[in-house]
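Engineer: The sequence and its predicted three-dimensional model are supplied below.
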Amino acid sequence: MNQRVIIYTDGSSRGNPGPGGHAAILTCGPHRKEISQGYRQTTNNRMELLAVISALETLRRPDLLVDVYTDSRYVIDPVQQGWLFTWERNHFKNKKNPDLWQRFLPLYRAHRVTFHWVPGHSNIPLNEQCDRLAVAASRSPDLQIDFYHEDSQDFSPPLLPFPSR
């Protein structure tokens, strides 16, 4: 018998682009896990999609029944309308966030995922908690770099000095 995993996700960006964060709450039977991470420069759509990706990456076994609840049409519609699979066949030409969609697809295919749209800020407790976690992550002092999004020339690592002899 397959276990059912319930996942709520949300993404946040303070400015678009700007500092952002994503969060997910995973439940399976009596178990619950919260995950979140902030990034110093990103977009809301990247954070919405990365929330789902991070949650699916947390799952330890394949072929689980997974219900994902999100307020992001950006995430739901490409899957439910089948656009994502056309984008994939066309190598994501002229599509935003191909790095994340390519990361998402094998995770999606490893499980039986059903997406459910929930209206944002409508007093759904786990959705509201994900929103709080995502916003808090965007304000964290430990912001990661979204390398795909940020201009690599502006954020290249400093050169190390040559060792002295």
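Structural biologist: That came through, no problem. Residues are numbered from 1 along each chain as shown.

Engineer: Cys130 in helix, strand or coil?
Structural biologist: Under DSSP: H, G, I helix; E, B strand; the rest coil, the three-state class of Cys130 is helix.

Engineer: In space, what's closest to it - neighbours in sequence excluded?
Structural biologist: Excluding the flanking residues, the one nearest Cys130 by C-beta to C-beta, 6 or more residues apart in numbering is Asp10, at 3.7 Å. Every C-beta, even on glycine, is put in place using the N, C-alpha and C of the backbone.

Engineer: Point out the other helices and strands that whichever strand or helix holds that neighbour packs with.
Structural biologist: Under the criterion of DSSP states H and E, Asp10 resides in strand 4-13. On a contact count with 3 or more C-beta pairs under 8 Å, 6 or more residues apart in numbering; DSSP states H and E, strand 4-13 meets strand 18-28, helix 44-58, strand 65-70, helix 125-138.

Engineer: Given it, what are its sheet partners and their directions?
Structural biologist: Note on strand 4-13: by DSSP bridges, its sheet partners are strand 18-28 (antiparallel), strand 65-70 (parallel).

Engineer: For the shortest one, list every residue counted as buried.
Structural biologist: By neighbour count, and taking 16 or more other C-beta atoms under 10 Å as the criterion, the buried residues in strand 65-70 are Val66, Val68, Tyr69, Thr70.

Engineer: where's the strand holding Asp10 relative to the chain centroid, distance-wise?
Structural biologist: Distance, stretch centre to chain centre, for strand 4-13: 8 Å (C-alpha atoms, centre = their mean, to the nearest Å).

Engineer: mean confidence score for that strand?
Structural biologist: Averaged over strand 4-13, pLDDT sits at 97.

Engineer: Could you do stretch 138-145 as well?
Structural biologist: If you average the pLDDT values across stretch 138-145, you get 94.

Engineer: So what would you say the end-to-end distance of it is?
Structural biologist: Counting by C-alpha to C-alpha, to the nearest Å, you get 12 Å between the two ends of stretch 138-145.

Engineer: swap in stretch 118-132?
Structural biologist: End-to-end distance of stretch 118-132 (C-alpha to C-alpha): 16 Å.

Engineer: The closest residue to Asp131 other than its chain neighbours: what's it in contact with?
Structural biologist: In this structure, Asp131 finds its nearest non-sequential neighbour in Asp10, 4.9 Å apart by C-beta to C-beta, 6+ apart. By C-beta atoms under 8 Å, 6 or more residues apart in numbering, the contact set of Asp10 is 22-24, 48, 51, 70-72, 120, 127, 130-131, 133-134.
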